[in-house]
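**Q** Mind folding the following:
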Amino acid sequence: MIKHNKGVRDFFKNDYPKLYLLSGSQIPTDINLDDKSRIGYYCNVLAVTWFAINQLEDTPQQPYRTIIVEHCINHVTIKDIVSTYKHSGFWGTNRKNEALKKFAEIFKQEQIKNKIYPLLEFE
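**A** Numbering: from 1, shown residues only. Model (predicted):
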């Protein structure tokens, strides 16, 4: 699981910012399978990323979407996120690992559902 989450963390640290820049700093809202270019593929991966993020649970008990958006994309510390939920840092670390795992699962499902090949895998 840790190795799996490391891949997702690396994706948000290294790949996501590049995808965002390549897209013209816009989040695509749909998939374009007609564009067979490399940029078209990257835009589709970015769209799938946000499809997956928007399916994440976002409750006080499982604030997965908040953690992914605020921590992984906006670089807010887990400590700052956790303080809004009035929990300990250990609770936040556990929720972060759960959020990363859940994101990876949904992301893969969305790639397959939307026929975005080759699959980007985090393992």
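
**Q** When you work out contacts or count neighbours from here on, use the C-alpha atoms and nothing else.
**A** Will do.

**Q** Let's verify R95: helix, strand, or coil?
**A** helix (DSSP: H, G, I helix; E, B strand; the rest coil).

**Q** Could you number the chain from 293 rather than 1 from now on?
**A** Sure, I'll start counting at 293 from here, so that last one is R387.

**Q** Make sure Q318 is actually in contact with Y312.
**A** Yes - Q318 lies in contact with Y312 (Cα atoms under 8 Å); the separation is 6.6 Å.

**Q** More neighbours: these two, which one.
**A** Y312 (17 against 13; other Cα atoms under 10 Å).

**Q** Next up, the contacts around that one.
**A** Counting by Cα atoms under 8 Å, 6 or more residues apart in numbering, Y312 touches Q318, I319, L338.

**Q** so the first one is in which element?
**A** It stands for Q318. Using DSSP states H and E, Q318 is not contained in any helix or strand.

**Q** Quick check: the gap between it and I373.
**A** Taking Cα to Cα, to the nearest Å as the measure, Q318 falls 25 Å from I373.

**Q** do the same with the last one
**A** Using Cα to Cα, one gets 24 Å for the distance from L338 to I373.

**Q** between those two, who's got more neighbours?
**A** Higher neighbour count among L338 and I373: L338, with 26 against 18, using other Cα under 10 Å.
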